[in-house]
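Colleague: fold the following and give me the result.
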Amino acid sequence: MMMLDRDATLADTAALVGLFEQVFDETFAHLYRPEDLQAFLEEHGAELWREQLQDPSFAIHVVEEAGLLAGYSKLGPLRLPVEPRAPAIELSQLYVAKAWHGSSVGRTLMDWTIAEARRRGARELYLSVYTDNPRARRFYGRYGFEEVGPYKFMVGEQADDDIILRLDL
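Modeller: All right, here's what the predicted structure looks like:
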């Protein structure tokens, strides 16, 4: 089966919501009270995805196989509490479904992310990663991301311990 990577469109909204919820659930659901998880997922529902897909300050790229989304990357305006030293952009999500872990999906998405950030004039790329997500931390480390500092990532009323990472482009 051949994988295809492409820019997301409005037609991908439902698939992106589904993949976002699936990956977040697979990776993090055990950490939260059901009401906090539900509030977070509702906050990141179809309406937000449609807005971001239509907003030129965001760029969303997908990898699919046989019409199924395997993963996506979402770039957008910097919202993390950092003082950039140069023009900056934020990688708000790079999600890969568990079935595609260990494949080239993550690498394909990160290569696109870095190229797109540069194309948009960014000289720094920021993201936050959950402290206890060693797989993601190793992945970003391979690309040269460096730790900037701690960050509280809110899921409902629960504050998670995240780490802000930066890559000089």
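Colleague: hey, what's the residue nearest to residue 92 when sequence neighbours are not counted bridged with?
Modeller: Sequence neighbours aside, residue 74 is the residue nearest to residue 92 in space, at 5.0 Å (criterion: CB to CB, 6 or more residues apart in numbering). (Glycine included, C-beta is placed from N, CA and C.) Taking DSSP bridges as the rule, residue 74 bridges to residue 60, residue 93.
Colleague: residue 7 is in contact with residue 59, isn't it?
Modeller: Yes: counting by CB atoms under 8 Å, residue 7 touches residue 59, with 7.2 Å between them.
Colleague: compare neighbour counts for these two and give me the winner.
Modeller: residue 59 (21 against 12; other CB atoms under 10 Å).
Colleague: shouldn't the more buried one be in contact with residue 120?
Modeller: Yes: when contacts are counted by CB under 8 Å, residue 59 is listed as touching residue 120 (7.4 Å).
Colleague: shared neighbours of those two, anything?
Modeller: Common contacts of residue 59 and residue 120, defined by CB atoms under 8 Å, 6 or more residues apart in numbering, comprise residue 75.
Colleague: any idea how far stretch 110-119 is from the middle of the chain?
Modeller: How far stretch 110-119 lies from its chain's middle: 13 Å, per CA atoms, centre = their mean, to the nearest Å.
Colleague: correction: stretch 98-117
Modeller: Using CA atoms, centre = their mean, the mean C-alpha position of stretch 98-117 is found 11 Å from that of the whole chain.
Colleague: contact partners of it?
Modeller: Outside stretch 98-117, the residues that touch it by CB under 8 Å, 6+ apart are 3, 5, 23, 26, 59, 61, 63, 65, 70-73, 75, 89, 91, 94, 96, 125, 135, 139, 143, 167, 169.
Colleague: in it, what counts as buried?
Modeller: Buried positions in stretch 98-117, judged by neighbour count with 16 or more other CB atoms under 10 Å: 100, 103, 105, 106, 108, 109, 110, 112, 113, 114, 116, 117.
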